[in-house]
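>>> Next input, structure requested:
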Amino acid sequence: MTFSTEQSRNVVVVSNVADNPFAIDIAYAVGQLEDIADKISMKQFMNSEFCPRFISDEHDMDNIGHTLDGKIVVIVSTSSHLKSRQELAMANLIIARAAKENGAKKVVLVEPDLFYSAQDRGPRKDLGETHFERDVKDIKKFDGQPFTAKLYAQLLKLSGVDSVLTVHNHSSSVQKIFSSVFEGDFHNLIPYEIYAHYLLNSDILNYGDNGEGLVLCAPDKGARDFVKQMFDTLGLSKAKFIMLDKERTNERKVEITLHKESEHTFDGLEDASVILFDDMVRTGSTVVKSCQFLKQINPKRLVFAVTHFYASDEGRERMAHPAIDEILTLNTLPTILNRDEQGRLRKKLVVLKIEKWLAQELCSLLGFPQTDEVNPYKIDMSSKNPRFKRKIWYSDELKDLHQRSHS
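Numbers count the residues shown, from 1 in each chain. Sure, this is the predicted structure:
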């Protein structure tokens, strides 16, 4: 999938750091063959202030301030080990303003893991719209803090960003405020098809043709809608769905139970293949406790699937726990592709790279004609993973995908 030559000429893909492989892959997928470094210069003054410059013909004196006239500028923003999120966020604002002041007709921010989403409400009841009734205990958690997600949305809009595209944002409050600030031009992409395609075409889980012996699990009521949609997307009529409940006794301790509204109980689930879905993992404590709780089923295999994987030292150590057989994640936080970052988890970690999928969604957002691919992702799997050494690809299409992902 690529834009036509004329369309790609009118789309300029840049990043908020000089060398961002994730952004480079998106740029290439939309037909931008020039290096991002040839599109924008990341100037920094001696006093450390950031001043980007969109590169133009130095001999062109007729189009000063108009070199981006009619163009769509796409800023691809991901986390980095080299810069803090505060630095990256500020760079987004300045790049967007530079684009608009040099004639860009539209600025799109592609930020797979939307910054400041954990700071999704403030110290008063009216600061943040949640799917639950905020009690005094919830409001007190934010006492003295800013409603940073709202500030970030407003600053992006003020700087010149017209549209925001993110992946699997967990916060209803963030989604509502971004939709309001951007007047509906906020796009929270959920990777149902990517997960489903991989689960249906790999041997990460074993189950019958109609889903016999497969159990999908939501870690809490907040994840129920996502996991139910995953259930429908898989289309396996004999699969089962269970939902857990967690009660946080303090910041680092939770108690796990089977939710009273769970569709199925544990009866008859012994020796099943279980997959637990969640949108993000940070410390891993709740995930491990949930998986330990699910071990009551005596599952044949237990896989944890998560969209945003924050591979902290603490998280890596916890999630090496034998209760989790394998971890399936996306590269919304691209550092997870680093083998040192994966640590011991590389033995049971599979990363689905989504740059091509995001390029496809971007194409759709901009209204450009396209040909969708059935599996617009690449697979990154360490040779330490035991499944790497077996013939796990069931179709010519997937064999080709596997070869390209390791080329």
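>>> helices or strands up against the helix or strand hosting residue 139?
Assessed by DSSP states H and E, residue 139 sits inside helix 136-141. For helix 136-141, there is no helix or strand it packs on, judged by 3 or more Cβ pairs under 8 Å, 6 or more residues apart in numbering; DSSP states H and E. Every residue, glycine included, has its C-beta placed from N, CA and C.
>>> Any buried residues in it, and which?
Neighbour-count burial for helix 136-141 flags residue 139 (criterion: 16 or more other Cβ atoms under 10 Å).
>>> Same check on stretch 351-368?
351-363, 365-366, 368.
>>> quick check: mean pLDDT across it?
Averaged across stretch 351-368, pLDDT comes to 94.
>>> so who does residue 115 touch?
77, 85, 88, 89, 152 (Cβ atoms under 8 Å, 6 or more residues apart in numbering).
>>> does the residue lying closest to residue 156 once chain neighbours are set aside sit in a helix, a strand or a coil?
Nearest non-adjacent residue to residue 156, counting by Cβ to Cβ, 6 or more residues apart in numbering: residue 109, 6.3 Å away. Secondary structure, DSSP: H, G, I helix; E, B strand; the rest coil: residue 109 is strand.
>>> who's in contact with residue 109?
Residue 109 sits next to 75, 77, 92, 96, 156, 161, 163, 164, 165 when contact means Cβ under 8 Å, 6+ apart.
>>> circling back to that earlier point, tell me which helix or strand comes right after the helix holding residue 139.
Past helix 136-141, heading to the C-terminal end, the next element that is a helix or strand (DSSP H and E) is helix 148-159.
>>> so what strands line up beside the longest strand along the chain?
Longest strand in the chain by number of residues (criterion: DSSP state E): strand 240-250. In the sheet, strand 240-250 lines up against strand 214-218 (parallel), strand 253-258 (antiparallel) (DSSP bridges).
>>> Take those and write them to a markdown table, including mean neighbour count, distance to residue 189 and mean pLDDT.
Listed next are these as a markdown table, based on neighbours: other Cβ atoms under 10 Å; distance: least, Cβ to Cβ, whole Å; pLDDT from 0 to 100:
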| stretch | mean neighbour count | distance to residue 189 | mean pLDDT |
| --- | --- | --- | --- |
| strand 214-218 | 25 | 20 | 97 |
| strand 253-258 | 14 | 29 | 86 |
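>>> Next, format those as TSV and append distance to residue 224.
Shown next, in TSV, are the strands paired with strand 240-250 (distance: least, Cβ to Cβ, whole Å):
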stretch	distance to residue 224
strand 214-218	5
strand 253-258	13
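>>> show me the contacts for the closest residue to residue 76 other than its chain neighbours.
Leaving aside its chain neighbours, residue 76 sits nearest to residue 23 (3.6 Å; criterion: Cβ to Cβ, 6+ apart). Shown in contact with residue 23 (Cβ under 8 Å, 6+ apart): 13, 14, 15, 36, 76, 78.
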